[in-house]
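>>> Pasting the sequence and the predicted model now:
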Amino acid sequence: MANNTRIEKDSMGELEVPHDALFGAQTQRAINNFPVSGQRLPEPFIRALITVKKAAALANMQLGAISDSRGNAIVRACDELLNCDDVMQHFPVDVYQTGSGTSSNMNANEVIANVASKFADEVIHPNDHVNYGQSSNDVIPTTIHVSAALELAFRLIPSVETLIEQIEVKAESVSQYCKTGRTHLMDAMPVTMAQSLLSWASQLKQQLNTLRAMQSGIQTLAQGGTAVGTGINAHPNFAATFANTMSDLTDLSFSPADNFFALIGSQDTAVTLSGAVKSLAVTFMKISNDLRWMNSGPLAGLGEIELEALQPGSSIMPGKVNPVIPEAVAMASAQVMGNDTAITVGGQSGNFELNVMLPMIASNLLSSISLMTNSASLLGEKAIKTFSVNSESIEDALYRNPVLVTALNPVIGYAEAAEIAKVAYKENKPILDVAESMTSLTREELATLLDPKKLTSNK
C-alpha cells in the first residue's frame, strides 16, 4: 500500500482509497468503474442530498429509530459539509453511473459517516446509521425533487419575475415609439414598441404560471418507500416525519407521496417540469431572436434598436459589435431543449419498480433550470434594460410602409388600396403621397386615416 492511500473494506472486499479522502470503498469502486464523462452531479443536487441525509437523521431520532448520539453526530456532519465551500471535492462520482444513483447515495453515506464518527464516541456506519430506513431507490428520486424544488422556488421563478418587471419598465419608457410590425418577416401594420415588449412579458407570465403549477408536484417526495415502494425497513411514520422535517429545513412545503411506487418507478414529475422549463426556453429563444432582428444592421439591417456594446465582435473586422447576449441565451435555450429530450428518454426508463436513469435526469434537469435562471438575468440586465431606440430609423421605415394603406380599405375598398400599395412599392414613395394622387380624399383626411400611432389600436 502506498503512503498516500489507505485500505477500506466493503461487502465486496478491500480496496485502496486516497489517504485523505472522506469517502470509502464503494465510492472508490464507482470512481474506478465509471470514467465516462468527468462530469459530476451538480452542486445543488449534492447539497440537497446532504440535506436529505440530515432530515432523515432528525426524523429517525424523533421516531427513536437511531440513538440521539448517533443522530446528532450525523446532523453535525451534514451541517459541516453544507457549510463547506469546496464540498464537491468529496463527491467525485460521474453522472453516468448505476442508473439508480446508488453510487452517489453511498458516496454521501460514506462521507457523512466519516465526518460524523469524529463527533461521536462510537463508529457511525454509512449503511446502518446514515442510511437507516432509506434506500438509494427513494433517496435519489427524493433528492431530484428536493434539489429541483429549491432551484425552482428560490432561483428560477424569482429570476423570471424580475425579468418580467424589467420588460414592463422598459416598455413604459419606450411607449412613445411606433414601429413597423412584421409578419413572415415582412412589413405589416404598425405596432408600438411597448406592444412588442409587453407581448414578451405576457409570454413569460404564462410560463411563470406553468412553473408555479409544478411546485406542488415537485415538492411531493418518494422518501419512505425504500427499496421498491413498500417502505421495508423504514419506521411507519418515517415518510411523514421526514417530509415535515425537510419542510422545516428548507422553508418549502414538502409532503410524502400518496403512492411511493409511482415516484420510485417513474420520473413523470421531473419530465413534466423539464417540459415546462423547455417551454420557457422557447419563449427566451423568441425574445432573443426578436432582439437580434431589431438590432440588425446598423446600416443594412432593421436598425430599430441598439443593444449595449459589450465586446468587440470580430477578430478581423474593426468596429463590428454583435448581439452577444441574445446569442448566448439562444444557445442556452437550445441546450435546454436538448436536455429535455434526454430527460424524456430517461423518463421512459422506468422498469417495473425503479427508474434507472436517475442521475442523468437529475443532472440535465438542474442544468436546464440553471441555464434559464442565468439567461433571465442576462436578458434583463444586459439587453432589455440597456438597449436604446433608433427613432430616426424606425420612423423612416414606418412612414414609407405601403401596408399602411390597409387603413383605407373601409373607405376605398381592398382592390383600390392594393393598387395604391403597388405604386408606392414601385416608386418608393410614402403611402400618403401616392394615396393623395390616386384618391379623392384630401391630404388632411389621409393623414388622419394613415396616422401610424392611431393604427396601433382599434379604439
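Received, thanks. Numbers count the residues shown, from 1 in each chain.
>>> ok, and for the helix or strand containing residue 341, which residues are buried?
Residue 341 is part of helix 324-347 when elements are defined by DSSP states H and E. For helix 324-347, burial by neighbour count (16 or more other C-beta atoms under 10 Å) applies to 324-326, 328-330, 332-333, 336, 339-340, 342-343, 346-347. Glycine gets a C-beta too; all of them are placed from N, C-alpha and C.
>>> mind checking how far the most centrally placed residue in the chain is from residue 151?
Centroid-nearest residue in the chain: residue 369, 2.2 Å away (criterion: C-alpha atoms, centre = their mean). Relative to residue 151, residue 369 is positioned 5 Å away (C-beta to C-beta, to the nearest Å).
>>> Repeat that for residue 326.
For residue 326, the distance to residue 151 - C-beta to C-beta - is 24 Å.
>>> again with residue 388
Counting by C-beta to C-beta, the gap from residue 388 to residue 151 is 34 Å.
>>> So for these two, which residue has more residues nearby?
A side-by-side neighbour count of residue 388 and residue 151, using other C-beta atoms under 10 Å, places residue 151 first with 23 against 10.
>>> Just to check, the more buried one is in contact with residue 45?
No - contact criterion C-beta atoms under 8 Å: residue 151 and residue 45 do not qualify, at 9.4 Å.
>>> between these two, what contacts are shared?
Common neighbours of residue 151 and residue 45, counting by C-beta atoms under 8 Å, 6 or more residues apart in numbering, are residue 366.
>>> Go ahead and confirm residue 105 touches residue 136.
Yes - using C-beta under 8 Å, residue 105 is in contact with residue 136, at 4.0 Å.
>>> Could you check which of those two is surrounded by more residues?
A direct count of neighbours by other C-beta under 10 Å for residue 105 and residue 136 places residue 105 higher, at 28 against 23.
>>> contact partners of whatever helix or strand that one lives in?
Counting by DSSP H and E, the element that carries residue 105 is helix 102-117. Helix 102-117 is contacted from outside by 22-27, 29-30, 34, 41, 46, 49-50, 53, 70, 73-74, 76-78, 80-81, 90-93, 97, 123-127, 129-131, 134, 136, 139-140, 359, using C-beta under 8 Å, 6+ apart.
>>> In helices only, show me those.
Assignment to helices by DSSP state H places the following of these there: 25-27, 29-30, 46, 49-50, 53, 70, 73-74, 76-78, 80-81, 136, 139-140, 359.
>>> where are the low-confidence patches of this structure?
Within the chain, the ranges that satisfy pLDDT under 70 run 1-2.
>>> The stretch 351-459 of the chain: helices as residue ranges?
Assigned helices in the stretch 351-459 of the chain, in chain order: 358-379, 391-399, 409-412, 414-427, 431-438, 443-449 (criterion: DSSP state H, counting those that start in this stretch).
>>> Which elements pack onto the last one?
Using 3 or more C-beta pairs under 8 Å, 6 or more residues apart in numbering; DSSP states H and E as the contact test, the elements touching helix 443-449 are helix 431-438.
>>> Same question for the third one.
Packing contacts for helix 409-412, counted by 3+ C-beta pairs under 8 Å, 6+ apart, involve no helix or strand.
>>> Okay, buried residues for that helix please.
Going by neighbour count (16+ other C-beta under 10 Å), the buried part of helix 409-412 is residue 412.
>>> for stretch 439-449, same thing?
Neighbour-count burial for stretch 439-449, counted by 16+ other C-beta under 10 Å, picks out 439, 441, 446, 449.
>>> tell me which of the residues you listed is nearest to residue 431?
Nearest to residue 431 out of the buried residues of stretch 439-449 is residue 446 (C-beta to C-beta; 8.6 Å).
>>> which strands and helices sit next to the host helix or strand of residue 292?
If you go by DSSP H and E, residue 292 is part of helix 268-295. Applying 3+ C-beta pairs under 8 Å, 6+ apart, we find helix 268-295 packed against helix 136-151, helix 193-213, helix 215-218, strand 305-306, helix 324-347, helix 358-379.
>>> How far off centre is the second one?
If I follow you right, that is helix 193-213. Its chain's average C-alpha position is 16 Å from that of helix 193-213, according to C-alpha atoms, centre = their mean, to the nearest Å.
>>> who touches that helix?
Helix 193-213 has contacts (C-beta under 8 Å, 6+ apart) with 152, 156-157, 160-161, 163-164, 167-168, 170-172, 174-175, 177-179, 276-277, 279-280, 283, 286-287, 290, 384, 389, 394, 456.
>>> Let's see the ChimeraX selection covering just the buried ones among those.
Selection of buried members from those for ChimeraX, criterion 16+ other C-beta under 10 Å:
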select :152,156,157,160,163,164,167,168,170,171,174,177,178,179,276,277,279,280,283,287,290,384,389,394,456
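>>> Stretch 265-284: which residues count as buried?
So for stretch 265-284, counting by 16+ other C-beta under 10 Å, buried means 265-267, 269-281, 283-284.
>>> Residue 419 contacts residue 439, doesn't it?
No - under the criterion of C-beta under 8 Å, residue 419 is not in contact with residue 439, lying 10.2 Å apart.
>>> Residue 391 reaches residue 174, doesn't it?
No - taking contacts as C-beta under 8 Å, residue 391 lies outside contact range of residue 174: 9.7 Å.
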